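Colleague: give me a 3D structure for the following:
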Amino acid sequence: MSEERATRYHLRRREFLNEDPELPAFIIGVVEDTRDVPDDDSEQRWNWGTVVLDLADCSRRVSFDLDLHDEPSRANSVGKINLIAEVVNAVRDAIAVEVESRNARPAKKDTRAQGLRV
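Modeller: The predicted structure is shown next:
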């Protein structure tokens, strides 16, 4: 009987981004936990653990390559994800300021709803 390792994850998450379930925007994040794969594994499976970051709006999808197979790739991937997080957080903060600004403006009547009366 072979000793098959059960795959474990640091993170395995999929979320829809819109409240409306008919709008398919989503985010998927997966980082496999390879800590219990032996260092002397002949195939070095610990070098090829799954790492996924996918973002999609209603019509487009982007997948980020976050390679961890060697030291330079790991350093690049950590730098890449830190920069992505920094920009996403800056956009979040800017949107919050803009929402506050727009919510403080006086409400305008919707003239489109009035239309022509026959």
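Colleague: nearest to the spatial middle of the chain, which residue is it?
Modeller: Centroid-nearest residue in the chain, with Cα atoms, centre = their mean: Ile27, separated by 4.5 Å.
Colleague: can you pull out the helices in this structure?
Modeller: All helices of the chain, identified by DSSP state H, fall at 71-103.
Colleague: hmm, back to that, dig out what the residue nearest to the centre of the chain forms beta bridges with.
Modeller: In this entry, Ile27 is beta-bridged to Glu15, Leu55, by DSSP bridges.
Colleague: so what's it scoring on pLDDT?
Modeller: We have a pLDDT of 97 for Ile27.
Colleague: my guess is it meets Leu17, correct?
Modeller: Yes - look at Ile27 against Leu17 with Cβ atoms under 8 Å: they come within range, at 6.3 Å. All C-beta atoms are positioned from the backbone trio N, CA, C, and that covers glycine.
Colleague: before we move on, the earlier item: distance of the residue nearest to the centre of the chain relative to Asp54?
Modeller: To Asp54, Ile27 is 7 Å away according to Cβ to Cβ, to the nearest Å.
Colleague: quick revisit: which residues touch the residue nearest to the centre of the chain?
Modeller: Under the criterion of Cβ atoms under 8 Å, 6 or more residues apart in numbering, the neighbours of Ile27 are 13-15, 17, 54-56.
Colleague: of these, just say which sits nearest to Arg74.
Modeller: Arg74 lies nearest to Asp54 out of these, by Cβ to Cβ, at 20.0 Å.
Colleague: so where's the protein shaky on pLDDT?
Modeller: For the chain, applying pLDDT under 70 flags the ranges 1-4, 41-42, 111-118.
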